[in-house]
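Visitor: What would the 3D arrangement of this be:
(2 chains)
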Amino acid sequence: MTATKVPDSNVSGDGARVALSVQIQRLDRRTKIRAAVVILLLAFCLLLLPSIISGYYVIAMTQVVVYAIVALGLGVLVGRVGLVSLGQAAVLALGAWVAARLLFATSLPYPLVLLMSGVITMVLGTLVGLPALRMRGLYLALITLMLAGAITTVLETTNFPNGGNGFLGYNGASVQPPAIRRPSIATSDPGFLRYSIVVAILMFLLVVWHLRSRPGRAWAAIRQSEASALAAGINTTRYKLWAFALASFLAGVAGGLLAGSDRFLYSYDFQTQDSITLLAVVLMGGVYNIWGAVIAALFMQLLPQILNQIGVSPYWLIVLFGIGALQVLTTAPAGIVDQMPKDLARLGRFIFRQFRRPAPSEGGAQ
Amino acid sequence: MPSWQDFQPFLVTGLALGGVYALSGVGMVVLFRATGVLNLSFGAVGAMGALIAWQAINVWGVAPGVGWLICVLFAAALTTVYGLIFGNALAKRDPLVKATATLGFALLLLGAMDLLWTTSGGAARSLPLPTDNSGFSISGVTIDWTQVIGLVIGIVIAIATTLFLRYTKLGTAMRAMASDREITAMLGVPVNRVLAAAWFGCGVLAGISGLLLADLVALDATTLTFLVISSVAAALIAQLRSIAVTFVAAVVIGVITSMITPIQSITNYANMTPFVLAVIALLVISGRQTISLERGGI
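Guide: Reported below is the predicted structural model:
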């Protein structure tokens, strides 16, 4: 028995080795193709897109870029660490407030302001998360839901800075408040869109770097089982806090871009509901893949503008997002980024079969 | 600083609101204990019930009593349907996933309400109860019967729920399910029927609180949906366990939120009360508790 088995297994071992090397080559080719596609896509977005779309969509796309950064942070939190924040859009509003205040108060270069608003928002966000992080995940979700309500309440009272004096920098509802300044290299709308895309690329790289190094591995361990992560010597509270800080930092930087993009900020533009909508689209986009963040942002910021153009109520989207979030949570946890290629392949096979099926029957008839 | 005289009417409003928050909070805690689902769509379901009652009374012309009944039954039916479909589908998932799913449901209802009852250009809706117009006064403070109902119903529900869970067969079954669903099923408890009953009860409470809050606060989808934050804070302070603590915390939140109103310097921040109290409570609780160990994630 064993004698006949040995050569067999040897052959299959060789076969496996060959198959493996072929697979590696194929994988290599696939990553190369993927990298090329990503670079082409980015080049297109950076160089061509801002100049070929109308002004209306330039503004919409800038919003998409801003929300992609926020969605990325939330995606890391939900998908990689297993924490849920129900107040991330409110943290974005906080970041926008901080950035607007800094932009009016100082003449610091724009990238420095982005960095500062990121860091300040990170500190504020982390302080809130701190008491909840040692508790069950549900508690953090609930406390951030309340945080969203609290930030909305505060912003309704303080309003956004519009060139006034004092700590709040609010000038009353003045007739013509000065616009929030933009970086000198990107004063036009298309220019600012390009600028935002560059910042977004840097933020995506920051996240990729996190995921590929120590924190990413720690998060993966925590997500699998907090008990075994702890047993393996991972300081779970510290790494959870790190993830929360990273998400807040990203929201703060995105807030800085939002301030420059909108140029006039009003508190009624930021509602508690936005944070929940954001979570729904992030879930729909897909939390296990960083590209899910882009899909989420397109859903949240581009679709309403398109619907607006064709005269459909944006509330339909809220209904859709609710259904989408339920569907993702019950049946497809990896979101559209994972589901779409599968569904497209299925659709492709289906169409292919539809075209193929009549042929033999025709042949049979003849 | 305003005098005590100025605070008195706000104390009454606060107690009434606190009672309704307690009603919602107790509803959420009981459902959480029986099914492991923290129902964050509680407010949205109540809001939709109240809007349908408004529609029935003002547009279809049914008698107010029938309208209120429609509100409660609709909320109960909606919650039960959700519970039977998604409560079961997500039964084995993390509590965080279950809670997030109810938010998806809340979003769906919010969008539907905005589509069906658009606010732009229309006059503000209201759903007055006949108890608003009659009342009595204690040392110069007028108290109407709706406010009395708000507090009393909170107390009644809190006590009734505690007794129900302790002494009835259905209540015992719910407590057993909270401990272990599969063992409960093995002991011959009709698990699905008990689950449906828990969801139904939660829905009835959502309908009642929607009706009362529409009267006490405003008949507005978004406002009513997010009023649930006050009840969530109360439930959180009670660590999603104790009905008595939920009740007390809800009343305290209602009273503080309301009592801040006459204080000029911080009146605008009144709505931050649930957040501030919950954070303080969490600081106290987390100081005493060891790190919990459970599998998280969506």
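
Visitor: in stretch A:47-63, what counts as buried?
Guide: A:Leu49, A:Pro50, A:Tyr57, A:Val58, A:Ile59, A:Ala60, A:Met61, A:Thr62, A:Gln63 (16 or more other CB atoms under 10 Å in any protein chain shown). To be clear about C-beta, it is placed using only N, CA and C from the backbone, and glycine gets the same treatment.

Visitor: now, which of these sits nearest B:Ser242?
Guide: Taking CB to CB as the measure, B:Ser242 sits nearest to A:Gln63 out of the buried residues of stretch A:47-63, at 44.4 Å.

Visitor: quick check, the host helix or strand of B:Gly210 touching chain A?
Guide: Assigned by DSSP states H and E, B:Gly210 belongs to helix B:191-216. No. Helix B:191-216 lies out of reach of chain A by CB under 8 Å from any CB of the partner chain, never closer than 15.5 Å.

Visitor: Backbone torsions only: list them for B:Gly135.
Guide: Backbone torsions for B:Gly135, taken as degrees, to the nearest 10, come to phi -180, psi -160.

Visitor: Just read off the phi/psi values of the closest residue to it other than its chain neighbours.
Guide: Computed as CB to CB, 6 or more residues apart in numbering or on different chains, the closest residue to B:Gly135 that is not its neighbour in sequence is B:Asp144, at 3.6 Å. Here is the backbone geometry of B:Asp144 (degrees, to the nearest 10): phi -100, psi 170.

Visitor: And for the one 10 residues further on?
Guide: In this entry, B:Gly154 is assigned phi and psi values of phi -60, psi -50 (degrees, to the nearest 10).

Visitor: Close to chain B: what parts of the stretch 1-150 of chain A are there?
Guide: So the stretch 1-150 of chain A meets chain B at A:78-79, A:81-84, A:86, A:128, A:131-132, A:134-139, A:141-143, A:145-147, A:149-150 (CB under 8 Å from any CB).

Visitor: from the residues you listed, which ones fall inside helices?
Guide: Counted as lying in helices by DSSP state H, out of the residues of the stretch 1-150 of chain A next to chain B, are A:128, A:131-132, A:137-139, A:141-143, A:145-147, A:149-150.

Visitor: how about low-confidence regions in the chain?
Guide: I went with chain A, as the question did not name one. Chain A contains residues with pLDDT under 70 at A:1-14, A:166, A:173-175, A:357-366.

Visitor: ah, I was thinking of chain B
Guide: B:1, B:119-123, B:287-298.

Visitor: Enumerate every residue touching the most centrally placed residue in it.
Guide: Centroid-nearest residue in chain B: B:Ser24, 2.2 Å away (criterion: CA atoms, centre = their mean). By CB atoms under 8 Å, 6 or more residues apart in numbering or on different chains, the contact set of B:Ser24 is B:Phe42, B:Gly43, B:Gly46, B:Leu205, B:Ala206, B:Ser209, B:Val228, B:Ser230, B:Ser231, B:Ala250.

Visitor: what ranges do the strands span in the stretch 101-250 of chain B?
Guide: Taking DSSP state E, counting those that start in this stretch as the test, the strands found in the stretch 101-250 of chain B are B:135-138, B:141-144.

Visitor: and for the first one, what are the contacting residues?
Guide: Surrounding strand B:135-138, the residues in contact under the criterion CB under 8 Å, 6+ apart are B:Thr142, B:Ile143, B:Asp144, B:Trp145, B:Gln147, B:Val148.

Visitor: Can I get it in PDB? Just the C-alpha atoms.
Guide: This file holds the C-alpha atoms of strand B:135-138, laid out as PDB (Å, rounded to 0.1, in the frame of the first residue of the first chain):
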ATOM      1  CA  GLY B 135     -55.400  69.600  34.700                       C
ATOM      2  CA  PHE B 136     -54.900  71.000  38.100                       C
ATOM      3  CA  SER B 137     -52.400  73.200  39.800                       C
ATOM      4  CA  ILE B 138     -50.200  72.800  42.800                       C
END
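
Visitor: ok, of the buried residues of stretch A:47-63, which one's closest to B:Thr161?
Guide: A:Gln63 (46.0 Å).

Visitor: Now that closest one: which helix or strand?
Guide: Here A:Gln63 is assigned to helix A:55-75, by DSSP H and E.

Visitor: what residues are up against the closest residue to A:Val84 other than its chain neighbours?
Guide: Distance criterion CB to CB, 6+ apart; nearest residue to A:Val84, sequence neighbours excluded, is A:Ala141 at 4.3 Å. Applying CB under 8 Å, 6+ apart to A:Ala141 gives the contacts A:Leu83, A:Val84, A:Ser85, A:Leu86, B:Leu96, B:Ala99, B:Thr100.

Visitor: Backbone torsions only: list them for the first one.
Guide: Backbone geometry at A:Leu83, expressed as degrees, to the nearest 10, gives phi -100, psi 150.

Visitor: where does the nearest residue to A:Arg134 once chain neighbours are set aside sit relative to B:Leu236, distance-wise?
Guide: Setting aside the residues directly before and after it, A:Arg134 is nearest to B:Ser286 in space (CB to CB, 6+ apart), at 4.8 Å. Between B:Ser286 and B:Leu236 the distance is 12 Å, computed by CB to CB, to the nearest Å.

Visitor: Of these two, which one has the most company?
Guide: Ranked by neighbour count (other CB atoms under 10 Å in any protein chain shown), B:Ser286 and B:Leu236 place B:Leu236 first, with 29 against 18.

Visitor: Spell out which residues of the stretch 101-250 of chain B are next to chain A.
Guide: Counting by CB under 8 Å from any CB, the stretch 101-250 of chain B sits next to chain A at B:101, B:103-112, B:114-115, B:222, B:225-226, B:229, B:232-233, B:236, B:240.

Visitor: at 6 Å what do you get?
Guide: B:101, B:103-104, B:107-108, B:110-112, B:114-115, B:226, B:229, B:232-233, B:236 (CB under 6 Å from any CB of the partner chain).

Visitor: Now the ones in helices among the residues of the stretch 1-150 of chain A next to chain B in CSV, please, with extra columns for distance to B:Gly87.
Guide: What follows is these, written out as CSV (distance: CB to CB, whole Å):
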residue, distance to B:Gly87
A:Val128, 30
A:Pro131, 30
A:Ala132, 25
A:Gly137, 19
A:Leu138, 16
A:Tyr139, 21
A:Ala141, 18
A:Leu142, 19
A:Ile143, 24
A:Leu145, 20
A:Met146, 24
A:Leu147, 27
A:Gly149, 26
A:Ala150, 30
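
Visitor: Count the residues that sit near A:Leu112.
Guide: Based on other CB under 10 Å, the number of other residues close to A:Leu112 is 11.

Visitor: who's in contact with whichever strand or helix holds it?
Guide: Element membership of A:Leu112 [criterion: DSSP H and E] is helix A:110-133. With CB atoms under 6 Å, 6 or more residues apart in numbering or on different chains as the test, helix A:110-133 has contacts from A:91, A:94-95, A:98-99, A:102-103, A:139-140, A:143, A:147, A:183, A:237, A:240-241, A:244-245, A:248-249, A:252-253, A:255-256, B:282-283, B:286.
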